[in-house]
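Novice: The following comprises the amino acid sequence and a computationally predicted model.
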Amino acid sequence: ANEKSLNFIQQIIEEDLQNNVNDGRVHTRFPPEPNGYLHIGHAKAICLNFSLAQQYQGKCNLRFDDTNPVKEDTEYVDSIMEDIKWLGFEWEGEPHYTSDYFDQLYDWAVQLIKDGKAYVDDQTAEQIAEQKGSPTVPGTESPFRNRSVEENLDLFARMKNGEYKDGEKVLRAKIDMASPNMHMRDPLMYRIMHAHHHRTGDKWCIYPMYDYAHGESDYIEGITHSICTLEFEVHRPLYEWFIDNITDTEYRPKQREFARLNLSYTVMSKRKLLELVTDGHVNGWDDPRMPTVSGLRRRGYTPAAIRNFADTIGVAKRNNVIDVSLLEFCVREDLNKTATRVMGVLDPVKLVITNYAEGEEEWLTIDNNPEDENAGTREIPFSRELYIERNDFMEDAPRKFFRMTPGREVRLKAGYIVMCEKAVYDADGNITEIHCTYDPKSKSGSGTEESKRKVKGTLHWVSAKHAAKAEVRVYDRLFNDEAPDGHKDKDFKDFINPDSLEILKDCYVEPCLKDAKAEDHFQFTRLGYFSVDKDTNADQLIFNRTVSLKDSWAK
Ligand code: ATP
Ligand code: MG
Ligand code: MG
């Protein structure tokens, strides 16, 4: 790759490689906390870390950062592994867990105490917070700061042995209460939490804090480039302090920060996403309206689309908001190349071809995907009674209405040119059927003069007696505000779009779709991209609309 096309993280890595830093190894990691499902922001971090390892013949670990047992669960561990594999990445060896290092982390904490660099504090969280000071005002030292090493060792052992209640004591690093960097003002290393851990069970009642555990875990795993989001930039001196004060090897993991992904019209914190799930605003973490990897997958997004999206947005050093339409663009681009074109009618009205013999049928040939030479063709049934979209007919149409209206011709996709005669109404004024006649010589692809006749509109349709009935779920944005969590006096849930899900129960699709499987992708001609929902079964075919077509046809 040439100099210019490298992003700033690649530049850092290439410089490190040139200087043979850490023996010229590249070893990254993706370190999720198993307290929720992964979202598109995590997907960006996954693509970044795993791709860097691929580019530089390095390795990428998966590490579960499981230091807060009250929020974590094996359900999340499983879903995270599933999502990473689905995105197309493979971690190095077995997954790692910060909890595997609890013994080592404890021993290192003891070592810091012995070196006079950590102490047990009996104060409450509130007292400690009050003493923190502010960036311009130095903090106040804890009255317990100068305990003897012996006393600290004894108290820390008792903390570990469960002699104290939650919050009664903490272990703090003894650094500098006057540091201009607030994170260096004697940060917490351990807290007491009598909680069952999904892996270590009841072995521990003290748990290490992120700032302590993270860098040390990187160190244990031999990570060279520990890439995290910008808000951790101010934690970097602390990350380095712990490693410097614990180890004396030349090897050093390096923390570097990039801008987190923010996406318009959604929220992207696991806490908020969990709230949407538990409050029933969505139907689970994989609801197709969720910005989670599993939600996007169920919606019909492909791994390639998400990887391309991550690539397209690149890595930035400043926080910004990406428009959700870019994500939609990426999935359209991918599905346009791969999705089979089929016909489905979402709001059906019957079209009767009055001069087509009753009981007759024929099979027409249609391209599976004109964008893909190898996609081949298939046969679709045509008969006297079809379904077309209700809004493809208009009684008194303006001149530029190129669909169905009495006295004008349209083409039925892959079929014939038909002349619209009239609509038939019921007593309430609703259209029950539309009548037309067809020109038997105008069949698509037949080469006749009639088939070459210029007709402005082409409509999609399905044969009524052959079609499969389907439910189609049409999604809109989950929030009707660009930045639902960006309002000071309002809760993000105040901006939930009440019309984000429309369920269409009486749709009809081509018979070949009866055999479609969950997660199959299709382009419904003129309508958009659709994917088979996991709830589909032999009695009920269910599709999710992934995204509309780029140029949505005039309504
Ligand atoms: P959230 O704040 O959404 O709950 P988190 O940062 O607490 O997410 P972690 O499980 O700690 O979630 O994150 C795992 C990795 O994913 C971290 O390295 C983090 O930097 C990265 N990550 C999380 N959110 C984003 C995002 N929006 N954009 C890019 N990377 C992200
Ligand atoms: Mg977190
Ligand atoms: Mg977070």
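Specialist: Arrived safely, thanks for sending. Numbering: from 1, shown residues only. Ligands and ions are numbered 1, 2, ... in the order given.
Novice: make it CA atoms for all contacts and neighbour counts henceforth
Specialist: Fine.
Novice: Lys132 is in contact with Thr140, correct?
Specialist: Yes: Thr140 is within contact range of Lys132, at 6.6 Å (criterion: CA atoms under 8 Å).
Novice: of the two, who's got more company?
Specialist: Each of Thr140 and Lys132 has its neighbours counted (other CA atoms under 10 Å); Lys132 has more, 21 against 14.
Novice: per-domain residue ranges of the chain.
Specialist: 3-258, 261-343+465-555, 350-460 (automatic domain parsing).
Novice: so can I have a markdown table of the ones you listed showing mean pLDDT and distance to ligand 1?
Specialist: Below are those laid out as a markdown table (pLDDT from 0 to 100; distance: least, CA to the nearest ligand atom, whole Å):
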| stretch | mean pLDDT | distance to ligand 1 |
| --- | --- | --- |
| domain 3-258 | 97 | 3 |
| domain 261-343+465-555 | 95 | 3 |
| domain 350-460 | 96 | 33 |
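Novice: give me the number of residues near Ser180?
Specialist: You called it Ser, but residue 180 is Pro. When neighbours are counted by other CA under 10 Å, Pro180 registers 15.
Novice: And stretch 534-551, how far out from the chain middle?
Specialist: Averaged C-alpha coordinates place stretch 534-551 at 18 Å from its chain's average position (CA atoms, centre = their mean, to the nearest Å).
Novice: Which of the residues in that stretch are classified as buried?
Specialist: The neighbour-count check on stretch 534-551 (16 or more other CA atoms under 10 Å) flags 534, 536, 541-549 as buried.
Novice: Contacts for that stretch, please.
Specialist: With contacts defined as CA atoms under 8 Å, 6 or more residues apart in numbering, stretch 534-551 is touched by 288, 298-301, 328, 332, 469-475, 514, 517-519, 526-533.
Novice: Mutual contacts of Thr140 and Lys132, please.
Specialist: Residues touching both Thr140 and Lys132 (CA under 8 Å, 6+ apart): Met177.
Novice: My reading is that Pro34 is in a strand; is that accurate?
Specialist: No: assessed with DSSP: H, G, I helix; E, B strand; the rest coil, Pro34 is coil; it does not lie in a strand.
Novice: Distance from whichever strand or helix holds Thr312 to the middle of the chain?
Specialist: Using DSSP states H and E, the element containing Thr312 is helix 303-313. When C-alpha coordinates are averaged (CA atoms, centre = their mean), helix 303-313 and its chain have centres 11 Å apart.
Novice: Residues touching it, excluding its own?
Specialist: 43-44, 47-48, 86-88, 297, 322, 326-327, 330-331, 333-334.
Novice: Can you flag the buried ones in those?
Specialist: The neighbour-count test (16+ other CA under 10 Å) marks 43-44, 47-48, 87, 297, 327, 330-331, 334 as buried among the contacts of helix 303-313.
Novice: Tabulate those (TSV), appending distance to Asp396 and secondary structure.
Specialist: Shown next, in TSV, are the buried ones among the contacts of helix 303-313 (distance: CA to CA, whole Å; DSSP: H, G, I helix; E, B strand; the rest coil):
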residue	distance to Asp396	secondary structure
Ala43	50	helix
Lys44	51	helix
Cys47	53	helix
Leu48	56	helix
Leu87	50	helix
Arg297	43	helix
Leu327	39	helix
Cys330	39	helix
Val331	38	helix
Asp334	39	helix
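Novice: Relative to Ser264, which of these is nearest.
Specialist: Of all these, Ser264 sits closest to Leu327, with 10.4 Å by CA to CA.
Novice: returning to what we had before: of the contacts of stretch 534-551, grab the buried ones for ChimeraX.
Specialist: Here is the ChimeraX command that picks out the buried ones among the contacts of stretch 534-551, judged by 16+ other CA under 10 Å:
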select :288,298,299,300,301,328,332,469,470,471,472,473,474,475,514,517,518,519,526,527,528,529,530,531,532,533
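Novice: follow-up on the earlier one: from the buried residues of stretch 534-551, which land in helices?
Specialist: With DSSP state H as the criterion, helices contain none of the buried residues of stretch 534-551.
Novice: Which members of these occur in strands, if any?
Specialist: Counted as lying in strands by DSSP state E, out of those, are 541-548.
Novice: now the residues you listed in CSV, with distance to Lys272?
Specialist: Listed next are these as CSV, based on distance: CA to CA, whole Å:
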residue, distance to Lys272
Leu541, 32
Ile542, 28
Phe543, 27
Asn544, 24
Arg545, 25
Thr546, 23
Val547, 24
Ser548, 27
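Novice: So for stretch 309-329, first residue to last residue, what's the gap.
Specialist: Start-to-end span of stretch 309-329 (CA to CA, to the nearest Å) is 9 Å.
Novice: What is the nearest of the ones in strands among the buried residues of stretch 534-551 to Glu250?
Specialist: For these, the nearest to Glu250 is Thr546 (50.6 Å; CA to CA).
Novice: From Pro288, how far out is the closest one?
Specialist: For Thr546, the distance to Pro288 (CA to CA) stands at 8 Å.
Novice: Common neighbours of these two, please.
Specialist: Contact with both Thr546 and Pro288 is made by residues 299, 475, according to CA under 8 Å, 6+ apart.
Novice: And the contacts of the helix or strand hosting Asp78?
Specialist: According to DSSP H and E, Asp78 maps onto helix 74-87. With contacts defined as CA under 8 Å, 6+ apart, helix 74-87 is touched by 34-38, 43, 46, 64, 90, 198, 293-294, 303-304, 306-307.
Novice: let's go with 10 Å and repeat that
Specialist: 30, 32-39, 42-43, 46-47, 50, 62, 64, 66, 89-91, 95, 198-199, 292-294, 297, 302-307 (CA atoms under 10 Å, 6 or more residues apart in numbering).
Novice: What's the end-to-end length of stretch 365-372?
Specialist: Terminal residues of stretch 365-372 lie 16 Å apart, using CA to CA.
Novice: Give me the contacts around it.
Specialist: Counting by CA under 10 Å, 6+ apart, residues outside stretch 365-372 touching it are 336-342, 373-381, 413-415, 444-445, 522-523.
Novice: Would you mind checking those residues for buried ones?
Specialist: By neighbour count, with 16+ other CA under 10 Å, the contacts of stretch 365-372 hold 336, 338-342, 380-381, 413-415, 444, 522-523 as buried.
Novice: Tell me which entries of those residues lie within strands.
Specialist: Within the buried ones among the contacts of stretch 365-372, residues falling in strands by DSSP E are 340-342, 380-381, 522-523.
Novice: between those, which is nearest Met394?
Specialist: Nearest to Met394 among these, counting by CA to CA, is Val342 at 24.4 Å.
Novice: Would you enumerate the residues in contact with the closest one?
Specialist: Residues counted as contacts of Val342 (CA under 10 Å, 6+ apart) are 366-369, 378, 380, 460-462, 509-513, 522-526, 529.
Novice: same thing but 8 Å
Specialist: Here Val342 is in contact with 368, 509-510, 522-525 (CA under 8 Å, 6+ apart).
Novice: Val110 too?
Specialist: Contacts of Val110 (CA under 8 Å, 6+ apart): Leu153.
Novice: C-alpha coordinates for the helix or strand hosting it, CSV please?
Specialist: Using DSSP H and E, Val110 falls within helix 102-114. The C-alpha coordinates for helix 102-114 follow below in CSV (Å, rounded to 0.1, in the frame of the first residue of the first chain):
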residue,chain,number,x,y,z
PHE,A,102,-7.8,-12.9,38.1
ASP,A,103,-5.1,-14.8,40.0
GLN,A,104,-2.3,-13.1,38.1
LEU,A,105,-3.9,-9.7,38.5
TYR,A,106,-4.3,-10.3,42.2
ASP,A,107,-0.7,-11.2,42.5
TRP,A,108,0.4,-8.1,40.7
ALA,A,109,-1.8,-6.0,42.9
VAL,A,110,0.0,-7.6,45.9
GLN,A,111,3.3,-6.7,44.3
LEU,A,112,2.2,-3.0,43.9
ILE,A,113,1.2,-3.0,47.6
LYS,A,114,4.6,-4.3,48.5
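Novice: Fine by me, we can end here.
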